[in-house]
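Asker: Would you be able to build a 3D model of this:
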Amino acid sequence: MSYQRTQNFVSRRQQNWSRNQNTVAFASTIKLGPVTHTVLIALMITVLGLIYLTQATRATGYDYATQKIDKQIAELNTEKSDLDIENARLTALETVKSSTVATTMTAPVSIDYVQ
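Answerer: Residues are numbered from 1 along each chain as shown. Below you'll find the predicted structure:
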């Protein structure tokens, strides 16, 4: 069985290396020029930019959702405080009318006004 040498792999023994050295090195058959390298780098930067934009818009979408929920929480807190005030106003009259001090009061006999 005979082995053929390809241009992809260059034996280190052919280059007179000594023992305990790498015996095979990969050499690419495809040679890229400076224009191709520039285009590939621009393409990679574009892809990374698109990935960044998708992540940023996803975070912005969450921000809008949390802002909407925060607005609802503020409205509900305002409504709760209004209802607490209304509850205190309505229960205050009932409490005063049914208190022991109010039940022991008598009506005045005569009312005099200062002029």
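
Asker: The helix or strand hosting Tyr64 - what's its average pLDDT?
Answerer: In this assignment (DSSP states H and E), Tyr64 forms part of helix 34-97. Helix 34-97 shows an average pLDDT of 89 in the prediction.

Asker: and after it, which helix or strand comes next?
Answerer: helix 100-104.

Asker: Just the CA atoms of that following helix, as PDB, please.
Answerer: Output of helix 100-104 as PDB, limited to C-alpha atoms (Å, rounded to 0.1, in the frame of the first residue of the first chain):
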ATOM      1  CA  THR A 100     -70.500  56.000  74.700                       C
ATOM      2  CA  VAL A 101     -69.800  59.800  74.800                       C
ATOM      3  CA  ALA A 102     -72.300  60.500  72.000                       C
ATOM      4  CA  THR A 103     -75.000  58.400  73.600                       C
ATOM      5  CA  THR A 104     -74.700  60.100  77.000                       C
END
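
Asker: quick one: contacts for the residue positioned nearest the centre of the chain?
Answerer: By CA atoms, centre = their mean, the chain has its centre lying nearest to Ala59, at 4.5 Å. Applying CB atoms under 8 Å, 6 or more residues apart in numbering to Ala59 gives no contacts. Bear in mind the C-beta positions are built from the backbone N, C-alpha and C, glycine included.

Asker: Many thanks, I have nothing further to ask.
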